[in-house]
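Asks: sequence isn't available, so here's the structure alone:
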Ligand SMILES: [Ca+2]
Ligand SMILES: [Ca+2]
């Protein structure tokens, strides 16, 4: 029987032979790619990103710029995931875009003082449908009912809530029970229950309000100053909000019972303009931070969070398409649009699976050994899933445990389970 040292020498020789093969054969795309729309010429803030539900390469982006002191902006369209962009609607501040779930040629947009816009030709041309009942209002948010897309809801910056039942031709104010005069929450502030479209939630300066009668009346659920709100696409009882209780309390809150109770979760003192639950895995949540900046990711339903980059930028908007749920888009305040694959291979991964191929085997053991001896395995970092014995270190002991597991030996560790330790000392090969 070989000793531990003999095992280590054996593994080292294997590592030297095989590391190059392993590293070259695995494609890890875990960096953000710039897709355009910034920073020149106007430094436009990307307020909304809408992905065509029938074609995940087609995106609509609403922007806003305070150019020479004037509210301006665009609707940009790409049909090839950002290789080329067309400006379909110019010189108007666009806060929010809604796409018809049954006919993606039909879109509506909330365009600040220009009102509610409509396109029936896939965004090529737009017309103004409505600017307010008593006079022009500042339209910040628009959403379309996913099951009855003739029904649209819109919200103004001052908190007025509007409803149309005929594709935006006519609108009624639906403020019963709401406290208006907010001028506060972001464009990501209306949610329609995907399991029951008579139920809506709206985030305002005065808290979250809920309607169970398609906006005929509203009930106040909490008193947070809401910036944005989202619903778990797999469980309509679960809601997340980003909040800012000026001057010094900001962060995230969550309800697991359709808004009856709320609890603060995750990091405090963070200001987020958008929050998004992964369409296929409700454990995974993303938040767009404007202060301190960047995109945050949680793998445990919002309890703990990790930055996944763009830290130097204010991030205003996020999007994931249902067709390509491994691709995440992030729109920044001044620096354009970015995309990356979702880094589930380590942050939310399987214990022992350091290369993210969802099996724990000798390849993982070799990567751990490579890391331990100082070879460059930065493509697989962070290596927390490699700490299979949960002692805070990724080293040859973990590699031996993984190898034992791979050959069918009974090991007293939860290898192969989802979830990896949070705090692990990186090994020498895992970058700075
Ligand atoms: Ca693996
Ligand atoms: Ca360990």
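Replies: Done, it's in. These figures come from a predicted structure and were not determined experimentally. Ligands and ions are numbered 1, 2, ... in the order given.

Asks: got the domain boundaries for the protein?
Replies: Listed by automatic domain parsing, the domain ranges of the chain are 4-28+347-406, 33-342.

Asks: mean confidence score for the shortest one?
Replies: Taken as a whole, domain 4-28+347-406 has a mean pLDDT of 76.

Asks: kindly report the same for the last one.
Replies: Rounded to a whole number, the mean pLDDT of domain 33-342 is 92.

Asks: what's the end-to-end length of that domain?
Replies: Between the opening and closing residues of domain 33-342 lies a distance of 12 Å (Cα to Cα, to the nearest Å).

Asks: can you name the residues that contact the residue nearest to residue 233 when sequence neighbours are not counted?
Replies: Nearest residue to residue 233 in three dimensions, chain neighbours excluded: residue 279, at 5.1 Å (Cβ to Cβ, 6 or more residues apart in numbering). Where you see a C-beta, it was placed from the backbone N, CA and C, and this is true even at glycine. Applying Cβ atoms under 8 Å, 6 or more residues apart in numbering, we find residue 279 in contact with 233-234, 320, 322, 325.

Asks: and for residue 285?
Replies: So residue 285 contacts 240, 275-278, 297-298, 301-302 (Cβ under 8 Å, 6+ apart).

Asks: name the nearest residue to it, ignoring sequence neighbours.
Replies: residue 298 (4.4 Å).

Asks: separation between that neighbour and residue 290?
Replies: Going from residue 298 to residue 290 by Cβ to Cβ, to the nearest Å gives 18 Å.

Asks: which of those two has more neighbours?
Replies: A direct count of neighbours by other Cβ atoms under 10 Å for residue 298 and residue 290 places residue 298 higher, at 25 against 21.

Asks: wait, that one sits on residue 266?
Replies: Yes. Applying Cβ atoms under 8 Å, one finds residue 298 in contact with residue 266, separated by 6.5 Å.

Asks: joint contacts of these two?
Replies: Common neighbours of residue 298 and residue 266 (Cβ under 8 Å, 6+ apart) are 287, 304-305.

Asks: point me to the residue of the stretch 51-200 of the chain nearest ligand 2.
Replies: residue 56 (39.2 Å; Cβ to the ion).

Asks: how many neighbours does that residue have?
Replies: Using other Cβ under 10 Å, residue 56 has 16 neighbouring residues.

Asks: wait, what's in contact with it?
Replies: Contacts of residue 56 were listed using Cβ under 8 Å, 6+ apart, and they are 81, 321, 323-324, 327.

Asks: redo that, cut-off 6 Å
Replies: 321, 323-324 (Cβ atoms under 6 Å, 6 or more residues apart in numbering).

Asks: show me which residues of the stretch 301-432 of the chain sit near ligand 2.
Replies: Applying Cβ under 5 Å from the ion, we find that the stretch 301-432 of the chain lies next to ligand 2 at 387, 389, 391, 393, 398.

Asks: which non-adjacent residue is nearest the first one?
Replies: In space, and not counting its chain neighbours, residue 387 is closest to residue 424: 4.6 Å by Cβ to Cβ, 6+ apart.

Asks: distance check, the one you found against residue 384.
Replies: Distance from residue 424 to residue 384, by Cβ to Cβ: 4 Å.

Asks: and for residue 63?
Replies: On the measure of Cβ to Cβ, residue 63 and residue 384 end up 37 Å apart.

Asks: residues near the closest residue to residue 170 other than its chain neighbours, how many?
Replies: Residue nearest to residue 170 in three dimensions, not counting chain neighbours: residue 164, with 6.1 Å by Cβ to Cβ, 6+ apart. Residues lying near residue 164 (other Cβ under 10 Å) number 21.

Asks: quick one: contacts for residue 157?
Replies: By Cβ under 6 Å, 6+ apart, residue 157 lies in contact with 138, 140, 183.

Asks: how about a cut-off of 10 Å?
Replies: By Cβ atoms under 10 Å, 6 or more residues apart in numbering, the contact set of residue 157 is 95, 110, 112-113, 137-141, 182-185, 187.

Asks: quick revisit: could the domains of the chain go into TSV alongside distance to residue 414?
Replies: Formatted as TSV, the domains of the chain follow (distance: least, Cβ to Cβ, whole Å):
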stretch	distance to residue 414
domain 4-28+347-406	6
domain 33-342	15
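
Asks: okay if I get these as TSV plus distance to ligand 1?
Replies: Shown next, in TSV, are the domains of the chain (distance: least, Cβ to the ion, whole Å):
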stretch	distance to ligand 1
domain 4-28+347-406	4
domain 33-342	17
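
Asks: list the contacts of the residue nearest to residue 285.
Replies: Residue 298 makes contacts with 240, 252, 265-267, 275, 277-278, 283-287, 304-306, 347-348, as judged by Cβ under 10 Å, 6+ apart.

Asks: quick one: distance of stretch 34-43 to the chain centre.
Replies: Distance of stretch 34-43 from its chain centroid, counting by Cα atoms, centre = their mean, to the nearest Å, is 20 Å.

Asks: start to end distance for that stretch?
Replies: 15 Å.

Asks: ok, residues contacting that stretch?
Replies: Taking Cβ under 10 Å, 6+ apart as the rule, stretch 34-43 contacts 44-46, 59, 61, 63-68, 72-74, 76, 78, 81-85, 87, 313, 329-339.

Asks: pretty sure residue 360 contacts residue 352?
Replies: Yes. Proximity of residue 360 to residue 352 meets the contact threshold set by Cβ atoms under 10 Å, at 3.7 Å.
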